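> give me a model of this one.
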Amino acid sequence: MIERPENLTDLVFTAIRKRMIDASLPPGSSVSEAMLSKDLQVSKTPVREALLQMRQIGLVAPSGRGLRVVVPTARIIRDAFEMRAGLEAAAARYAADRATREQKNELVELAQASAEVADDFEAFRDADTSFHQAVAAAADNAMLHKAVEDAVVLTQVLRQRDVHVERDFTPDSREHIRIAQAIKSGDGAAAADRLSEHILRIMEQLLQAFGGKATGDGGLRPAELRSPA
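Below is the predicted model:
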């Protein structure tokens, strides 16, 4: 059951996303507004609003008269991460020019904090999210910030559910530090390049774990073709 919050739609969104990640709502499954409303003990309105957001992000898609959880393909993974790389590169460029001194210092601290937990998957995941959110916030562009948030949600579901890989995240944290240093020094071009390279490197690792490069067909493949974690 979900308790009544200030923003019920956001909590419903989070609850549905969690079900996608833990495969309670596996790829290809139908999404019932009525069933989710009953399970979460909320009205249909916040469920409908949350599912609309998920459709816009790319987590669910129309299927007949209803919705289904999108089945991942290599093409979907590639498209999602390339989109995120472009958006976050722009955010890093703006952040280098617009971030306050406090924000720049915070980015360095967050990057260093991610290095301290590079061998702990759960802790690093949280530190990684905090760092990328801080870069987006420092860009001082509300529309870009929202676009980055949506891209992060999509890629996190793909990464945690479909190609979950536990490893040493030291290279990631080192890249965080280099990105933060570029932003702090006001070098927007370097910050953008480093952040884009960071996201695209992760994309290549995930594509390899998924089972190959994008085929370009854009179709929906059966879940059995997903590589094991």
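
> let me see the ranges of the strands in this structure.
Under the criterion DSSP state E, strands of the chain are mapped to 30-31, 60-63, 66-69.

> can I assume residue 31 is in contact with residue 20?
No - the criterion here is CB atoms under 8 Å, and residue 31 misses it with residue 20 at 9.5 Å. For every residue, glycine as well, the C-beta is placed using N, CA and C.

> any idea how far residue 53 is from residue 149?
11 Å (CB to CB, to the nearest Å).

> repeat that for residue 89.
Counting by CB to CB, the separation of residue 89 from residue 53 is 24 Å.

> same deal with residue 107?
Distance from residue 107 to residue 53, by CB to CB: 27 Å.

> neighbour-wise, which of these two wins?
Counted by other CB atoms under 10 Å, residue 107 and residue 53 do not tie: residue 107 has more neighbours, with 27 against 18.

> which residues touch that one?
Going by CB atoms under 8 Å, 6 or more residues apart in numbering, residue 107 touches 95, 99, 131, 134, 135, 138, 179, 180, 183, 184.

> just among the residues you listed, which is most surrounded?
Among the contacts of residue 107, the one with the most neighbours (other CB under 10 Å) is residue 183, at 33 neighbours.

> any idea of the pLDDT on residue 6?
We have a pLDDT of 58 for residue 6.

> Throw the strands of the chain into a markdown table and include mean neighbour count, thanks.
A markdown table is the format used below for the strands of the chain (neighbours: other CB atoms under 10 Å):
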| stretch | mean neighbour count |
| --- | --- |
| strand 30-31 | 18 |
| strand 60-63 | 15 |
| strand 66-69 | 18 |
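
> thanks again, I'm all set now.
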